[in-house]
Each structure stands twice: as structure tokens, then as C-alpha cells.
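[1] predicted structure and sequence below. I'll ask about it afterward.
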Amino acid sequence: MNSRFAGKRALTVLMLATAVTGCATIKNLFNDVKKENIEPPTPLTELTPTLNVQKLWSDRVGKGAGKSGARMLPAYADGKIYAAGVDGTIAAIDATSGHTLWQKHLGERHGFILHRGKNSLRWAGGPSVNGDLLVVGSLEGSVRALDAGTGAERWHMQVSSEVIAPPAIADGVVVVRTNDGRLYGLDAADGSRKWVYDRATVPVLSLRGNAAPRIADGVVYAGEDNGKVVALHLTEGNALWEQSLSPGEGRSEIQRLQDIDGTVAVANGVVYASGYHGQVAALIAQTGRPLWTHELSGYTGVAIAPTQIYVANADADVWALDLRTGASAWKQEGLKYRWVSEAAAQGDYVVLGDQEGYVHWLAGTDGKFAARVRLSKNPIQSAPVVVGDMVYVEDIDGEIGAWRIGK
């Protein structure tokens, strides 16, 4: 194992391994980590901003993702921001003013002790919004649908394992990814199960995180822990194709890590995805056949711009690749080992957070730093949410900030 799986990410692997492997394997993994040259975060240099960034508001919703390891991010719809936390809090916020419109608390847990009279729901997947339907999943495998306007519960459904990725909603179907590798298609009206896809094999050891499913033109696209992208029929759940991005090769379990945990993006009939210890690839949406591949190990997903895609590699260097060919346009090493979040495209810029709570804007033309602000001192692990000239960012403790970019 080398330095690209450093610090707390190595610790996450050990914690996960404790739950799924035997003592001998744990010892070997621990020895691998001890031998690793763990690099400190690259210091930030002084910056003269070339982009005007104005903070509009900040607020806290519950306890965010906390120590769950989930990369929770807010959702935007109809002028509102929706956010949830592992303490059972879920809220709707006015996206412009930051005013809380409604808030619910549906569960609380401290350590292993449940408080009397309160359930144990700990939100970790979502929230996701479609029309007036708000859906969120929990570490207990409970999927809840709420009225987006009021927070009133509409239905709930129990699935097989924890939900740590936002569900996808389209055409009357809610698609939920569970941590045991299954994909569920639920009826958006009442939560009843329409189908379940359980053919994916989950490796003995994997990164903490799941790729959120994506729906486009009646097809579900999902990245899996076995390094494959799969396409499913939305209403039936049958597999249309699968394509491997990460071979899962190496002498140790850590070297064979091959997850696709970040965003699988779909645009103009092409699916874009990134695999750990694998490739960034552009796949034809109808068949899964690669248009191009670029050797690059990434632990986050890809962000699409009109002519480029942005992705961070396993050292947290940020790359821009040509959308049509996959050729490298630029590489920004100024965030190396800062364990950046998934990126988001915002006009002529790419925006992302880091482990020390900073939010960075890079110029899409050459990758140079254009602006920097600080949300908090806590890690930002989820992708920024971009809505026009606005961006919303959440850290792992539930702190949410809203900024507007200008010239």
C-alpha cells in the first residue's frame, strides 16, 4: 500500500476490515499501513483571488454525517435546500436566505444507548428530492419518504443493509443502493418493492462509501464495490450491461481495492465514471462500450463541464480531462494529500472542498486557483451543490455554507 491511501482513509480501511475479516487479515493490513509513508497535507499558498465569492449564509443541520463515514450532501429543489444528519434531524432551508422552513427530528442515538421514546434512525443516505417527494435512507436500512413541503411522512420501507448514498428518483421509481451491494427499485407512491438487483459481488474489503445511483432515459446506472458500472432497466430492474473499470489486482486486499464510490455522471448518451485502482472512462450509455479510458485511480466521482470532466486522483491531485477523448488538459497538485471532496463544475470553474474545511475554486482553463473560502475546520467530504452562480457546501458536522460567485 502506498501513500495515496493515507491518514484517516487508512484508518477507515482498518475499521471496516475489523467488521468483515479475521484476525490474521487484520494483522497483515495493519502491517501494510505501518509501512506506509503517510504524507502531510500540502500547505496552502497565499492566493490573490481572480474570482469574487460572496458568502450569503451558513447554518447547521443536526450533526451531519458525523463518524458514519457517509458522504452526506444537501439537495436542492424549488428554491430550497434539504439536509439531514446522523442524529435523526432533517430540515428544509430557504436557499437564498438560509431561513429554516421546517425541521424534524426522527431519531437519536448516543453511543450504543437508545433514548427512551425515540427511535434509532440515523440518516446517512440523501436526502434526495423529486417534485414534492423527499427520500432519505438510514444506517439501519430504513428508507423514509416525506412531503418536501411539510416534512410529513408518506411511507417507509426496510431494506437489507445501511443506506449511505443518496437515492435516485424518476418516473415513479425510487432507486436505493444498500451497503451489501443490492439495488432496490421502490414504488414512489407507497414504497412497495418493485424489484431488487443482488447480483453484484461485494469484495471482502472495500472503501467506506457507495456510489449514488443515477437515472437517465429509463435506465439506472450505478457504480459497484467490485469495480464495475452496471446499467439496469428502471421499471423491471434487469441488467442491460456491465463494464469493469478496476481489475482488482494485487498481492494484498488493500492493493485489490477496486470500488466505484463517487458520482457516475450521465450526459448526452455517455456515462462517465472513475474507479479506485482503475480508470476514468466514458462509456456509451446504450451498450456500455468504452469510448475512451484514462488510467487514473480515483476515490471520488467525476464532474462534467461542457468540454471537460474533472476528477481527483488517489493522491488528491485534481485533473481535467477532455470530454471527447479523455486526454489530460491540466493537473493541479496544490491540493495533494488534502483529501478533497468530489468536485463540481460551476461555469468556467471547478469547485471542491478539503479535509480542513476550505472550499476551492479552480479555473477550468488551466487549473489555477481562483478563489478560496473556509466553511469550518471540519473535513468536507461531499460534493458541493451548484445551482447557477450559487454553491452550497456541507462539512461532516452538518455545517452548511452558501456562496455566490461573481466577476
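    Ah, there it is.

[2] mean confidence for stretch 335-348?
    Averaging the model's pLDDT scores along stretch 335-348 yields 95.

[3] and it, end to end?
    One end of stretch 335-348 sits 19 Å from the other (CA to CA, to the nearest Å).

[4] ok, now stretch 156-170?
    Using CA to CA, the two ends of stretch 156-170 sit 18 Å apart.

[5] so which bits of that stretch are buried?
    Of the residues in stretch 156-170, Met157, Val159, Ser161, Glu162, Val163, Ile164, Ala165, Pro166, Pro167, Ala168, Ile169, Ala170 count as buried by neighbour count, 16 or more other CB atoms under 10 Å. Bear in mind the C-beta positions are built from the backbone N, C-alpha and C, glycine included.

[6] which secondary structure elements does the helix or strand where the first one lies contact?
    When you say that, I think you mean Met157. Assigned by DSSP states H and E, Met157 falls within strand 153-158. Counting contacts by 3 or more CB pairs under 8 Å, 6 or more residues apart in numbering; DSSP states H and E, strand 153-158 is packed against strand 142-147.

[7] strand partners (parallel or antiparallel) of the strand it packs on?
    strand 133-138 (antiparallel), strand 153-158 (antiparallel) (DSSP bridges).

[8] quick one on the thing from earlier: okay, the buried residues of stretch 156-170 in TSV with secondary structure, pLDDT and distance to Pro213 next?
    As requested, those are arranged in TSV below (DSSP: H, G, I helix; E, B strand; the rest coil; pLDDT from 0 to 100; distance: CB to CB, whole Å):
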residue	secondary structure	pLDDT	distance to Pro213
Met157	strand	96	16
Val159	coil	96	13
Ser161	coil	91	15
Glu162	coil	91	15
Val163	coil	94	11
Ile164	coil	88	13
Ala165	coil	92	7
Pro166	coil	94	9
Pro167	coil	96	7
Ala168	strand	97	4
Ile169	strand	98	10
Ala170	strand	97	10
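
[9] show the subsequent helix or strand relative to the helix or strand hosting Tyr272.
    Under the criterion DSSP H and E, the helix or strand holding Tyr272 is strand 270-274. Where DSSP H and E defines the elements, the next helix or strand beyond strand 270-274 is strand 279-284.

[10] what angle sits between that next one and strand 270-274?
    170 degrees (axes from the mean of the first three to the mean of the last three CA atoms, to 10 degrees).

[11] any idea how far Arg71 is from Ser244?
    With distances taken as CB to CB, to the nearest Å, Arg71 is found 23 Å from Ser244.

[12] having no further points to raise, I will conclude here.
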